[in-house]
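**Q** Fold the stuff below for me.
(one chain, ligands or ions: 1)
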Amino acid sequence: MIKYLLLGLLAAWLFYLWRKPRVGTTPADKPAPPAKPQSMVECAHCGLHMPANEALLGQRPSGVDYFCSEDHRRAGPRAR
Ligand SMILES: [Zn+2]
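**A** Just a heads-up that it's a prediction; the model follows:
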């Protein structure tokens, strides 16, 4: 008779372990992490602002330029 009681406790314990990790990982319980602020860069040719991950990179001796498009990268930085 005690065997069934232990079996029931074991089942309850396993059920508890199975449920526990799910509580914290459901999206509804966790607030979504705030979106990372995108660093904005300026096209060296036309001055358009865009997220850094969408910009095209252009090399120059003194550093790196960002460009909004392949055309502007080919045209190069605008003389200021
Ligand atoms: Zn541009």
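**Q** Do stretch 52-62 and the ion come into contact?
**A** No. Stretch 52-62 is not in contact with the ion by CB under 5 Å from the ion; minimum separation 9.1 Å. Placement of C-beta: from N, CA and C, glycine included.
**Q** Send me that stretch as CSV with only the CA atoms.
**A** Extracted C-alpha coordinates of stretch 52-62, given in CSV (Å, rounded to 0.1, in the frame of the first residue of the first chain):
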residue,chain,number,x,y,z
ALA,A,52,25.0,51.3,-38.6
ASN,A,53,24.2,47.7,-39.5
GLU,A,54,22.6,48.8,-42.8
ALA,A,55,25.4,51.1,-43.8
LEU,A,56,28.0,50.3,-46.3
LEU,A,57,31.6,50.8,-45.2
GLY,A,58,34.2,52.6,-47.1
GLN,A,59,37.8,52.7,-46.2
ARG,A,60,39.9,55.8,-46.1
PRO,A,61,43.4,56.4,-44.7
SER,A,62,42.1,58.2,-41.6
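**Q** which helix of the chain spans the most residues?
**A** For the chain, the longest helix by residue count, based on DSSP state H, is helix 2-25.
**Q** can you list the residues of this protein near the ion?
**A** Cys43, His45, Cys46, Leu48, Cys68, His72.
**Q** Worst mean pLDDT across the helices and strands of the chain, which element?
**A** helix 2-25 (a mean of 82; mean pLDDT, DSSP states H and E).
**Q** what helices or strands is it leaning on?
**A** Using 3 or more CB pairs under 8 Å, 6 or more residues apart in numbering; DSSP states H and E as the contact test, no helix or strand touches helix 2-25.
**Q** And the next helix-or-strand element following that helix, what does it pack against?
**A** Going down the chain from helix 2-25, the next helix or strand is strand 40-42, by DSSP states H and E. Strand 40-42 makes packing contacts with strand 49-51 when contacts are defined by 3+ CB pairs under 8 Å, 6+ apart.
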